[in-house]
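Engineer: sequence unknown, structure follows:
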């Protein structure tokens, strides 16, 4: 793979990591439990077997 | 390229065979076509073998037979077989083809159900059916769609994939199009093999069986889907989770009813308006994104090509099963798999591999089910990829050749002006004269700038010097607009999302990242213990990008208009594509023309007289094609004809009238629920769609008979998004707009309403009135208040000794000085009079009582003179059983009576209706038409009244179609 492409992918990974850290750090409700609570109405019935 | 071209031709003629079958079925038994195909194949092989032995090469005739005639006849054979319902074992033969039949069904769930909020659609493959308690018969072909409503949290496990069940129910044939040009649900379901529907609210009538019939691979794929869905619910917040579920798992119904704060339209509709809703229909884009992801990752870690090709194809098949196996996904998976195999195994170039892939995918899908050719999901999917393959290179060449220097700047200026004009002056783009004028001026400007560039040679900037990925992307976007969006949006939907030209530059790259990150997170979360946290981390970043996508769609949907466009007819669509193909292939056609001229010159030297015919032959063919196209495109217009359509809506009375002089009159707008934002906007979904299919691009007169929610809560759609000349109302809007609800209530003397003043159905009238008033006043459309005796329209025309008169006038409300917003509901009459030498020889009368309150019928009876011998009566939506209406009907003795039976009380209301009104059938031969079942359309020509109803599927027929037997 060309160097330019590798650098592009690396930068992309760094940006994604930073974005994820920002979301998890600033939004206290962004947890597994918090997300499940917000998704109560979204296909919740499929898990209530 | 030789065999790729031959495969293309084979596919093309196979498709032609299918198309012809749709028009001529039933031409003959399918067995005859299959036998003919076998004979052609044998003959082609025999002749080919003989010519090879004799001359050392295969002559043209066997090639023509194999690649033109054989696929054509095969297309006829397969389609006739699919359309043939008259055979043993077909579900329609077992049930006798009845529209409604009581039956006991034994079968199994053959695919994963579709889930919605509080309901599901279950697809049943019946094995045995017993009709009305008779002996069970075996069913070999045909399926049933079971609609099951259930309470939240109560998910019936026995209705999932593979389970055997037995149930007793009423099987119903799906509805045909209820309005002209409307969606034919019956045809749509039959294309997928479903012939009956059933409705359940109670699972106790379904008997589950412990047996299951599951394909292990399908069951495994659906198990993965459940795990992926669990991951999405845990790693992404709502509503972005619903969006991710839609684009990765095909769960597009999870997006229903979601609104951004303060948005007028739900997110799904904003996607439509922004031209990016294709992301919710899992197809080529998603499959290609995933293929790139897998190929990229495997290449990065050094997996051999032949190994990762197989793994990738396996995953794509799982993806197709997960997302429901729709034609667009199947097409994409087959194509991408073929491309991958051709690229990896044979080393063929990507372009060639794609062309092979399209043909292989089309043949595989259509061999299994040729009826899919007429479905939007098939044509849009193949249309998109064909546009990319055929039109992109053509546009690429044009742009590279001409967009240099001054021409480049001129093109940028034209594009920028177009963008500014459609944002700032939206309404001008309803005016086709302005639009064509703009394009003509732009064409001249670009031509002159090109001439200037040839002289001055600025040379930079230039399109060809832009980055290659940008060039490809821009050319592809324009190709998709030309090849798919413009013709197919117009043909299927009657609206064109201008924003798509801009929004997709952001949407397509973004969706690539959304899908890839979503898939990576879902796959990683399968790792025990830590996987879910890895998924949470990746989807946290994806959450921001999903939000960005939704917000940008919102931005584009609110910035750009979403105009209605005249629906293409089928003939118009064919003409458009032929013209496009000719333009794209001009160099090829030119070379063939020169070749033909050379051969003609040689031929002329030997056969001078015969050559003269061949000399004119091309011109004759072109003339025939042009004349045929013009005849197809020009709508037939009959002078002095009145065309009146009574729409089929949930409850509202909406009528469209095309007058003899060509004026477009719309009475009422339909319902857009004031309390449930998820409900359809009937003006958008039904009324405007029908007007587009009629080719109407302006309403001259909009008459609003009342402020009931059923009749007019959707009026804002029409006033905001459609050119309207003038509005007619029963009461003054300026006063209404300024009044409070208490003032509004004071306007009426109706004790019944005053006692129930806080009921929502009473308040809804105030809210609808406010909606009408505020929108009308802000739109500055002229309006007029109409009372009894006022004429809205009066036309007359003399042709020789005949005179045609058409009038629309109000017979209610009275002009009393005091306006009652509840009870002053307009009642109209429309009369068509034919006179010869000044003497009236024919009069056709329509009485339109769209909505009447309790006390109004009494007042209406003082206008008896208008009820004498009325031909068609439109009954009010409410208080249908007001006994005083009988007095009116006994005077009118109408030929036809049009009404709505309430959907939820159908049995009870119909029984009451029969009891109250069936005497008219004996007394006056009255026909009854339930507008909740289908539309009724009338045409009056030369004094004759013709009627068309939704029961007709084959166009104009002069019949009296009884929808209810009394």
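Structural biologist: Structure received. Bear in mind the structure is a predicted one, so any value in this text is a computation, not a measurement.

Engineer: Could you grab the helix/strand/coil label for the closest residue to chain A within the stretch 301-450 of chain B?
Structural biologist: Residue nearest to chain A within the stretch 301-450 of chain B (CB to the nearest CB): residue B:302, separated by 10.4 Å. The way it works is simple: take the backbone N, C-alpha and C, and place the C-beta from them, glycine included. Under DSSP: H, G, I helix; E, B strand; the rest coil, residue B:302 falls in the coil class.

Engineer: Ramachandran coordinates for it?
Structural biologist: Torsion angles at residue B:302 (phi, psi; degrees, to the nearest 10) stand at phi 80, psi 20.

Engineer: and residue B:653, backbone torsions?
Structural biologist: Backbone geometry at residue B:653, expressed as degrees, to the nearest 10, gives phi -100, psi 100.

Engineer: and the residue of the stretch 551-700 of chain B nearest chain A?
Structural biologist: residue B:678 (12.9 Å).

Engineer: got the contact list for that residue?
Structural biologist: Residues counted as contacts of residue B:678 (CB atoms under 8 Å, 6 or more residues apart in numbering or on different chains) are B:256-257, B:266.

Engineer: how about JSON lines for those, with secondary structure and distance to chain A added?
Structural biologist: JSON lines is the format used below for the contacts of residue B:678 (DSSP: H, G, I helix; E, B strand; the rest coil; distance: CB to the nearest CB, whole Å):
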{"residue": "B:256", "secondary structure": "coil", "distance to chain A": "11"}
{"residue": "B:257", "secondary structure": "coil", "distance to chain A": "10"}
{"residue": "B:266", "secondary structure": "coil", "distance to chain A": "15"}
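
Engineer: what about the residue of the stretch 301-450 of chain B closest to chain A, distance to residue B:308?
Structural biologist: Distance of residue B:302 to residue B:308, computed by CB to CB, to the nearest Å: 10 Å.

Engineer: How is chain B divided into domains?
Structural biologist: Residue ranges for the domains of chain B, per automatic domain parsing: B:2-83, B:91-214, B:585-633, B:642-949.

Engineer: Skipping its backbone neighbours, what lies nearest the residue in the stretch 701-850 of chain B that chain A sits nearest to in space?
Structural biologist: Using CB to the nearest CB, residue B:760 is the residue of the stretch 701-850 of chain B that sits closest to chain A, at 24.0 Å. Excluding the flanking residues, the one nearest residue B:760 by CB to CB, 6 or more residues apart in numbering or on different chains is residue B:675, at 6.9 Å.

Engineer: Assign a three-state SS to that neighbour, would you?
Structural biologist: coil.

Engineer: Quick one: neighbours of residue B:641, just the number.
Structural biologist: Using other CB atoms under 10 Å in any protein chain shown, residue B:641 has 17 neighbouring residues.

Engineer: Need the mean per-residue confidence for the longest strand along chain B.
Structural biologist: Ordering each strand of chain B by length in residues (DSSP state E) puts strand B:119-131 first. Regarding strand B:119-131, the rounded mean pLDDT is 93.

Engineer: Packing partners of it?
Structural biologist: For strand B:119-131, the elements it packs on are helix B:91-95, strand B:100-109, strand B:137-138, strand B:143-149, judged by 3 or more CB pairs under 8 Å, 6 or more residues apart in numbering or on different chains; DSSP states H and E.

Engineer: ok, residues contacting the last one?
Structural biologist: The contact list for strand B:143-149, computed with CB under 8 Å, 6+ apart, reads B:91, B:105, B:107, B:110, B:118-126, B:156, B:159, B:167, B:169, B:171, B:174, B:189, B:192-201, B:203.

Engineer: Taking those residues, please make a PyMOL selection of just the buried ones.
Structural biologist: To isolate the buried members of the contacts of strand B:143-149 in PyMOL, using 16 or more other CB atoms under 10 Å in any protein chain shown:
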select buried, chain B and resi 91+105+107+110+119+120+122+123+124+125+126+156+159+167+169+171+174+189+193+194+195+196+197+198+200+203
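
Engineer: Could you count how many residues lie near residue B:336?
Structural biologist: For residue B:336, using other CB under 10 Å, the count is 23.

Engineer: Go ahead and confirm it touches residue B:286.
Structural biologist: No. Using CB atoms under 8 Å, residue B:336 is not in contact with residue B:286, being 10.4 Å away.

Engineer: which residues in the stretch 601-750 of chain B form helices?
Structural biologist: With DSSP state H, counting those that start in this stretch, the ranges of helices along the stretch 601-750 of chain B come out as B:608-633, B:682, B:689-694, B:709-712, B:715-721, B:733-738, B:741-746.

Engineer: now do chain A
Structural biologist: Taking DSSP state H to define them, one finds helices in chain A at A:3-26, A:32-38.

Engineer: Adding distance to chain A, mean pLDDT and mean neighbour count, write the helices of the stretch 601-750 of chain B out as a markdown table.
Structural biologist: Below are the helices of the stretch 601-750 of chain B laid out as a markdown table (distance: least, CB to the nearest CB, whole Å; pLDDT from 0 to 100; neighbours: other CB atoms under 10 Å in any protein chain shown):
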| stretch | distance to chain A | mean pLDDT | mean neighbour count |
| --- | --- | --- | --- |
| helix B:608-633 | 48 | 68 | 11 |
| helix B:682 | 26 | 90 | 27 |
| helix B:689-694 | 30 | 87 | 21 |
| helix B:709-712 | 27 | 90 | 26 |
| helix B:715-721 | 28 | 89 | 20 |
| helix B:733-738 | 37 | 74 | 16 |
| helix B:741-746 | 33 | 83 | 15 |
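
Engineer: Export those to a markdown table and append columns for distance to residue B:15.
Structural biologist: Listed next are these as a markdown table, based on distance: least, CB to CB, whole Å:
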| stretch | distance to residue B:15 |
| --- | --- |
| helix B:608-633 | 20 |
| helix B:682 | 36 |
| helix B:689-694 | 25 |
| helix B:709-712 | 44 |
| helix B:715-721 | 36 |
| helix B:733-738 | 54 |
| helix B:741-746 | 60 |
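
Engineer: ok so, going back, going by mean pLDDT, which of the domains of chain B comes out lowest?
Structural biologist: Averaging pLDDT over each of the domains of chain B puts domain B:585-633 lowest, since it has a mean of 73.

Engineer: isn't residue B:669 right up against residue B:722?
Structural biologist: No. With contact defined as CB under 8 Å, residue B:669 does not reach residue B:722; the gap is 9.9 Å.

Engineer: These two: which is more packed in?
Structural biologist: Using other CB under 10 Å as the criterion, residue B:669 and residue B:722 rank with residue B:669 on top: 27 against 21.

Engineer: Nearest residue to that one in space, please, no chain neighbours.
Structural biologist: Nearest one to residue B:669, counting by CB to CB, 6+ apart, is residue B:715 at 4.0 Å.

Engineer: ok, now which ones touch that neighbour?
Structural biologist: Counting by CB under 8 Å, 6+ apart, residue B:715 makes contact with B:669, B:683, B:702, B:704, B:771-772, B:775.

Engineer: Given the longest strand of chain B, what are its sheet partners and their directions?
Structural biologist: Within its sheet, strand B:119-131 is paired with strand B:100-109 (antiparallel), strand B:114-116 (antiparallel), strand B:137-138 (antiparallel), strand B:143-149 (antiparallel), according to DSSP bridges.

Engineer: can you put those in TSV and add distance to residue B:313?
Structural biologist: Converted to TSV, the strands paired with strand B:119-131 look like this (distance: least, CB to CB, whole Å):
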stretch	distance to residue B:313
strand B:100-109	27
strand B:114-116	26
strand B:137-138	37
strand B:143-149	28
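
Engineer: re the thing from before, mind checking how far the longest strand of chain B is from the chain centre?
Structural biologist: Relative to the centre of its chain, strand B:119-131 is centred 27 Å away, using CA atoms, centre = their mean, to the nearest Å.

Engineer: what do you get for stretch B:414-422?
Structural biologist: With CA atoms, centre = their mean as the basis, stretch B:414-422 stands 29 Å off its chain's centre.

Engineer: now what about it, what contacts it?
Structural biologist: Under CB under 8 Å, 6+ apart, the answer for stretch B:414-422 is B:428-429, B:438, B:442, B:445-446, B:498, B:502, B:560-561.
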